[in-house]
Structure formats: structure tokens, C-alpha cells
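Peer 1: Fold the following and give me the result.
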Amino acid sequence: MPVNWYRVLVGLCLLLDVSVAFANFSISDAKTRLVDEMYLLDAKLNYNLTEVTIDALQNGIALNLRLTVLIERERWYLWDERIATLKQGYKLKYYALRQQYLLEYLNTGKQETFSYLNTLLAHIGKLENFPLLDKRVIKQDETYWVYLNIYLDIESLPVPLRPIAHLSSQWRLSSYWYQCVLQGK
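Peer 2: Modelled structure (predicted):
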């Protein structure tokens, strides 16, 4: 009996991607402002974890969430000029004995604890007064754009889990790039 490769392929896809409807990350708002010669960013970030990632977190797997901010100067020729790239990382852990979630800011090492995962996600989802760059870097007669993206860092997962995470949409959590103009000149 010949093998029907189409059915095999569809079956494998169903095994790897059990749920088509899954949560994702998003950025709903971002604005910049100039305060004391420094550009600051305020943004609303939505970290909607899937059941699979929440289950992994509650079973001892740390999750690293990343925020990337790009600042580019608009040019009429070729492509825009990259002025700065900023990255912020968060590590989420769950301690079952204490029934607490730990948030570690990877850039500073600062740690905070939360009783509920939703409270932790709401906390990191409200970005306020995030320093972007000094006013002296900006040319006053130019237009600058700020791009934001948030994602789950699959490469920071334990090695045996990475292939599964790369193949499953339940693990590939990221936002679209959000764009806003650098304001406050």
C-alpha cells in the first residue's frame, strides 16, 4: 500500500501545532517625551502567555522575556540610519514552595516577587520613564522613529526544550514591531 505523504504531513503538523488559537504578545501604545535633556519612553506591553508556557513556568522552567527598542533617523535615500539599539530582559521564575513568582531584571540584577502571575505581567507591561537617549544625539531638523518589539527568548530555555519550542506556535510568542515618532524636540 503506497504512503500518502499528504496525510502524513498533515498529521505531523497537527501533532506539532495542537492549537491554532494561541495567545501572543502585543504593544498597544507607545509615546516618547523629552524631560531634562533626556528622551523617555512610555508604553503598554501585553504579555499574553499560552497555557503551555504557564505550565512550564509553574513546573520550574524559567522564562526570559525580551524588549528591543530601535531608534532610527529617517533618510530619503536608501534605508534609515540606526542611532541606537536598546534591550531590556526579564527572567520569570516560579517557586512552588513559596507560591511566588520571581521577576529578575536581567540588565540590572534587581529582583521582585509577586503572588500572582497576572500582577507580574501587568507590572512589566506598563513601561514608564524608560530612558532612550540624550537630546544631544538628535539633530533638531530630522525625523526619528522608535521601533519596539517584545518576545519570549526561546534560546534561553533548557536545551532539551528548545527544538519543541521552535516547532510549536505555543512557544513562539512575539509582538509585531510597533512604530512611533520620537517626540519632544
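Peer 1: contacting residues around the spatially most central residue of the chain?
Peer 2: In the chain, the centroid-proximal residue (CA atoms, centre = their mean) is Ile150; its distance is 2.0 Å. Ile150 makes contacts with 25, 27, 45, 47, 65-68, 174-175, as judged by CB atoms under 8 Å, 6 or more residues apart in numbering. Heads up, the C-betas are built off the backbone N, CA and C, glycines and all.
Peer 1: what does Tyr94 give?
Peer 2: Counting by CB under 8 Å, 6+ apart, Tyr94 has contacts 57-58, 60, 100-102, 117.
Peer 1: among the residues you listed, who's most crowded?
Peer 2: Tyr101 (21 neighbours; other CB atoms under 10 Å).
Peer 1: So in terms of bridging, what pairs with that residue?
Peer 2: Tyr94, Phe114 (DSSP bridges).
Peer 1: for Tyr105, same thing?
Peer 2: The partner residues for Tyr105, given DSSP bridges, come to Tyr90.
Peer 1: hmm, back to that, ok, which pair from the contacts of Ile150 is furthest apart?
Peer 2: In the contacts of Ile150, two members sit farther apart than any others by CB to CB. They are Tyr47 and Thr68, at 14.3 Å.
Peer 1: re the thing from before, farthest-apart pair in the contacts of Tyr94, please.
Peer 2: Gly60 and Leu117 (14.5 Å).
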